[in-house]
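> only geometry, no sequence info:
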Ligand SMILES: Nc1ncnc2c1ncn2[C@@H]1O[C@H](COP(=O)(O)OP(=O)(O)OP(=O)(O)O)[C@@H](O)[C@H]1O
Ligand SMILES: [Mg+2]
């Protein structure tokens, strides 16, 4: 109970840290909107409303993916630069519970991009969302956002050891689009990359969103999404502890 | 011989750092930052760790607060081992370092305190009152809603102190808290630290300022190049030199060779040169009963000499003598 409260308060405060700058808030929607526009302009050539919807949903997910991978990779690094990493590590709260609210904060920003993209598609391309199963759809969006954020968490503890963390984040951005089947159907990819896609929680999230929109059952995709997401969370928590231990051994917590 | 009641115990603590240099052909360099440091701090004691830059003060503190693993040796805080019992140690200590980093710039002072209260598991019921009290203690009441971005250095430092005290720790570690603070702020800070001791908290303080250590500390350890070279009350340390006197000679352009030859004079314990504006003051520590003035002047040769004076040794003299390694 008190842990939940802690996560909630830390989440709200971290969200404040993230939302402070209007410029960053602008970037958070600007890039996703540009991607969505480009995707839809390409798909419009075919004049196929179903393909448009496919691309519309994909572009929304792409928005979160982009904002998450680039910022998540530097998540722990930013705390280090601010000199707060040492202090949060010195607190008795396990490190995973420090990073989790930050991850949720990023997921929230991702959600904000999704909503912005959907509204934009609607306004600019007259692409109303035709959703058969609204509860399933909303749940799928939440799951997709959430697992992308968990992936961000995993990414941040994996790459923080390297000073070039941000470059890895950017490098993941484009392959991510393809592997998660955001705008290109996964079936078009060569067979050997498919297992890679299955290990990506967002792949399942996006499939669940599309299934809900088309009125099919999203539950299998959602369950897969949750399972993969949970695996990310556990792996990240374990790596996070390893990271802190290593930092205590190699004196890399402060780097001043 | 370890006193089971001691609040902090360090036993032969050592820490080496390996740094890498170069991009392509990497070479490893090993620095021995702390070379076997041992001390004990009694509950309620204010203990000072004094030493020049790079002596290993911060490294020692970081091992005690579980942020760095010792290379060898052991330490415990309130009877808990700092390597084995990390959670419990963290719960019961507070840590504040000098300088203006370590705060969330984009949050208000109050939100910074709220965030760390949560991380330290301060219960929601206590939080509000505790934060209010601490803001009062560090004199930030009324400014707590402002973003930290706009805080002055002194305000940040005071916010740090409040942050370190949120969970009412029994042992408080202060690493150069007065760095970059104006004299009035530093005096208030000393009052705050003295107040902590009144409350019965155990405090480990590092500082470069001698009068700060003299005024505040019950006991001081002087650390030089990773080793403790002296330990005792401020009076004990002064006693190391106070049996003698200090001779100060104002000179205009004294040469190193002359200073070296002054050190050779029988009865001279140490001699250093302090720049004071236009003049270089030769500070000579003299053994009790020795009369060296004439000989010192003779060694200075043709160097132009100004005022001459004798004074009682201060803690600073003791410190300078210890850290410049004038061990005879
Ligand atoms: N993370 C690190 N990696 C490599 N060397 C380090 C690291 N931290 C400290 N050192 C080295 O260890 C030695 C002791 O440093 P430390 O910071 O403990 O000194 P200090 O007494 O706190 O000095 P100051 O008064 O300047 O704060 C120095 O030579 C320093 O260069
Ligand atoms: Mg230091």
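Thanks, I have the structure now. Keep in mind the model is a prediction, meaning the values are calculated, not measured. Ligands and ions are numbered 1, 2, ... in the order given.
> and for residue A:68, the neighbour number?
30 (other C-beta atoms under 10 Å in any protein chain shown). To be clear about C-beta, it is placed using only N, CA and C from the backbone, and glycine gets the same treatment.
> now it, nearest residue through space, not along the chain?
residue A:152 (4.4 Å; C-beta to C-beta, 6 or more residues apart in numbering or on different chains).
> the one you found contacts residue A:69, correct?
Yes. Contact status for residue A:152 versus residue A:69: in contact at 6.8 Å, counting by C-beta atoms under 8 Å.
> those two: which is more packed in?
With other C-beta under 10 Å as the criterion, residue A:152 and residue A:69 differ in neighbour count, and residue A:152 comes out ahead with 28 against 22.
> that one: what's it in contact with?
Taking C-beta atoms under 8 Å, 6 or more residues apart in numbering or on different chains, we find residue A:152 in contact with A:68-69, A:71-73, A:75, A:103, A:106.
> who wins on neighbours among those residues?
residue A:68 (30 neighbours).
> from residue A:55, how far off is it?
20 Å (C-beta to C-beta, to the nearest Å).
> now residue A:84
41 Å.
> likewise residue B:190?
Counting by C-beta to C-beta - residue B:190 and residue A:55 are separated by 66 Å.
> then residue A:231?
29 Å.
> same question for residue A:243.
From residue A:243 to residue A:55 the distance is 38 Å (C-beta to C-beta).
> which one of these two is surrounded by more residues?
The residue with more neighbours, out of residue A:243 and residue A:55, is residue A:55; 27 against 21, by other C-beta under 10 Å.
> residue A:216: neighbour count?
Residue A:216 - counted by other C-beta under 10 Å - has 16 other residues nearby.
> got phi/psi on it?
phi -90, psi 180 (degrees, to the nearest 10).
> pLDDT at it, what is it?
For residue A:216, the pLDDT comes out at 82.
> cool, residue A:255 as well?
53.
> how about the residue in chain A positioned nearest to ligand 1, what does it touch?
Closest residue of chain A to ligand 1, C-beta to the nearest ligand atom: residue A:251 (3.5 Å). Shown in contact with residue A:251 (C-beta under 8 Å, 6+ apart): B:17, B:68.
> hang on, the earlier thing: the residue nearest to residue A:68 sits in which helix or strand?
Using DSSP states H and E, residue A:152 falls within helix A:134-159.
> one more: residue B:228?
With DSSP H and E as criterion, residue B:228 is part of strand B:227-232.
> next SSE after that strand?
helix B:234-242.
> that next one - what's its average pLDDT?
In the prediction, helix B:234-242 has an average pLDDT of 76.
> remind me what that helix packs against, helices and strands.
When contacts are defined as 3 or more C-beta pairs under 8 Å, 6 or more residues apart in numbering or on different chains; DSSP states H and E, helix B:234-242 sits against strand B:219-224, strand B:227-232, helix B:315-323.
> closest to ligand 1 out of the ones you listed?
Judging the helices and strands packed on helix B:234-242 by C-beta to the nearest ligand atom, what sits closest to ligand 1 is strand B:219-224, at 7.0 Å.
> for the residue of the stretch 51-200 of chain A found nearest chain B, grab the count of nearby residues.
Closest approach between the stretch 51-200 of chain A and chain B, counting by C-beta to the nearest C-beta: residue A:83, at 3.1 Å. By other C-beta under 10 Å, 18 other residues sit near residue A:83.
> so it sits right up against residue B:98, yeah?
No. Taking contacts as C-beta under 8 Å, residue A:83 lies outside contact range of residue B:98: 11.4 Å.
> now do the contacts for the nearest residue to residue B:91 once chain neighbours are set aside.
Nearest residue to residue B:91, sequence neighbours excluded (C-beta to C-beta, 6+ apart): residue A:92, at 4.5 Å. Applying C-beta under 8 Å, 6+ apart, we find residue A:92 in contact with B:87, B:90-91, B:119-121.
> bridged to the spatially most central residue of chain B, which residues?
When C-alpha atoms, centre = their mean is applied to chain B, the residue found nearest the centroid is residue B:206 (2.0 Å). Beta bridges link residue B:206 to residue B:49, residue B:175 when assigned by DSSP bridges.
> quick check: phi and psi on the residue of the stretch 1-150 of chain B found nearest chain A?
Residue of the stretch 1-150 of chain B nearest chain A, by C-beta to the nearest C-beta: residue B:101 (3.1 Å). Here the main-chain torsion angles of residue B:101 (degrees, to the nearest 10) amount to phi -90, psi 180.
> who in the stretch 51-200 of chain B is up against chain A?
Within the stretch 51-200 of chain B, the positions adjacent to chain A are B:65-69, B:87, B:90-91, B:95, B:99, B:101-107, B:111, B:114-116, B:118-121, B:123-124, B:163 by C-beta under 8 Å from any C-beta of the partner chain.
> is residue B:36 in a helix, a strand, or coil?
strand (DSSP: H, G, I helix; E, B strand; the rest coil).
> that one - nearest residue in space that isn't next to it in sequence?
residue B:12 (4.9 Å).
> what of residue A:213?
residue A:131 (4.8 Å).
> ok, that neighbour touching residue A:212?
Yes. Shown here, residue A:131 and residue A:212 form a contact pair, counting by C-beta under 8 Å, at 6.4 Å.
> neighbours of residue 235, just the number please.
With no chain named, the answer covers chain A. Neighbour tally, residue A:235, other C-beta under 10 Å: 15.
> not quite, I wanted chain B
Residue B:235, neighbours per other C-beta under 10 Å, totals 10.
> roughly how far does it sit from chain A?
34 Å (C-beta to the nearest C-beta, to the nearest Å).
> which residues touch that residue?
Per C-beta under 8 Å, 6+ apart, neighbours of residue B:235: none.
> picking up where we left off before, assign the residue nearest to residue B:36 to helix, strand or coil.
Residue B:12 - assigned by three-state DSSP - is strand.
> cool, and the one 4 residues further on?
The assignment at residue B:16 comes out as strand when based on three-state DSSP.
> so it touches residue B:30, yeah?
Yes. Here residue B:16 reaches residue B:30: they are 5.5 Å apart, a contact under C-beta under 8 Å.
> higher neighbour count, these two?
Taking neighbours as other C-beta under 10 Å, residue B:16 and residue B:30 compare with residue B:16 leading, 16 against 9.
> quick check: pLDDT value at that one.
Reported pLDDT for residue B:16: 92.
> what distance do you get for the residue of the stretch 51-200 of chain A closest to chain B to residue A:14?
From residue A:83 to residue A:14 the distance is 17 Å (C-beta to C-beta).
> cool, residue B:219 as well?
Distance from residue B:219 to residue A:14, by C-beta to C-beta: 42 Å.
> neighbour count: those two, which is higher?
More crowded of residue B:219 and residue A:14, by other C-beta under 10 Å: residue A:14, with 24 against 19.
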